[in-house]
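here's a sequence, model it:
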Amino acid sequence: MKELKRSDLVYPELSYRIIGCAFEVYNILGQGRQEKHYQKALVEEFKNIGLAIIEQVYYPISFKNKNIGKDFLDFLVNSQVVVEIKKGDRYSKQHIDQVLEYLKVSDKQLAILINFGSQGVHFKRIINFNS
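So this is what the prediction gives:
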């Protein structure tokens with residue numbers, strides 16, 4: 001694989017591989033599947049190309065040092081990148097806020113929000129400027 005030359009990007013090669021997996025999944029499954037089917041297919045594709053993944057990463061939601069709930073991020077890839085997937089054609093503020101929260105609680109530098117929509121795969125790289 002040709003090495004990317006930009007020095008201002010966070011994890012450019014890993015991002016390229018993650019996004020490539022999303023396109024491969026969409027090319028095979030197509031549009032209109034349930035989010036859980038895209039997620040299961042991504043697991044297989046991540047493994048096929050040798051990425052280390054943790055699925056459904058738990059984190060507690062606390063209020064004044066008391067656990068009041070829980071949430072799960074979809075994937076942590078190579079212990080570096082949070083990956084959150086959605087089904088749809090648009091990004092909502094809620095999705096962006098959710099991913100920013102995942103970056104905050106995981107103390108990771110980069111998240112990739114992937115939408116599987118009717119017109120293909122769309123993605124956003126989201127940076128945690130506080131890490």
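
max-length helix in this structure?
When secondary structure is assigned using DSSP state H, the longest helix within the chain turns out to be helix 12-29.

from the chain's centre, how far out does that helix sit?
For helix 12-29, the distance from its own C-alpha centre to the chain's C-alpha centre is 11 Å (C-alpha atoms, centre = their mean, to the nearest Å).

ok, now stretch 15-34?
Relative to its chain's centre, stretch 15-34 lies at 12 Å (C-alpha atoms, centre = their mean).

what's next to that stretch, contact-wise?
Residues lying outside stretch 15-34 but in contact with it, judged by C-beta atoms under 8 Å, 6 or more residues apart in numbering, are 4, 9, 37-38, 41-42, 45-46, 49, 51, 77, 81, 83, 85, 87, 110, 112, 114, 116-121, 123, 125. Any C-beta I mention is one placed from the backbone N, CA and C, and that applies to glycine too.

and the helix or strand where residue 71 lies, what does it pack against?
Per DSSP states H and E: residue 71 is located in strand 66-77. Packed against strand 66-77, as judged by 3 or more C-beta pairs under 8 Å, 6 or more residues apart in numbering; DSSP states H and E, are the following elements: helix 35-48, strand 53-63, strand 81-87, helix 93-106.

can we see that at 7 Å?
strand 53-63, strand 81-87, helix 93-106 (3 or more C-beta pairs under 7 Å, 6 or more residues apart in numbering; DSSP states H and E).

deepest of these, which one?
Comparing the helices and strands packed on strand 66-77 by mean neighbour count (mean count of other C-beta atoms under 10 Å), strand 81-87 ranks first with a mean of 22.

elements contacting that one?
With contacts defined as 3+ C-beta pairs under 7 Å, 6+ apart, the packing partners of strand 81-87 are helix 12-29, helix 35-48, strand 66-77, helix 93-106, strand 110-117.
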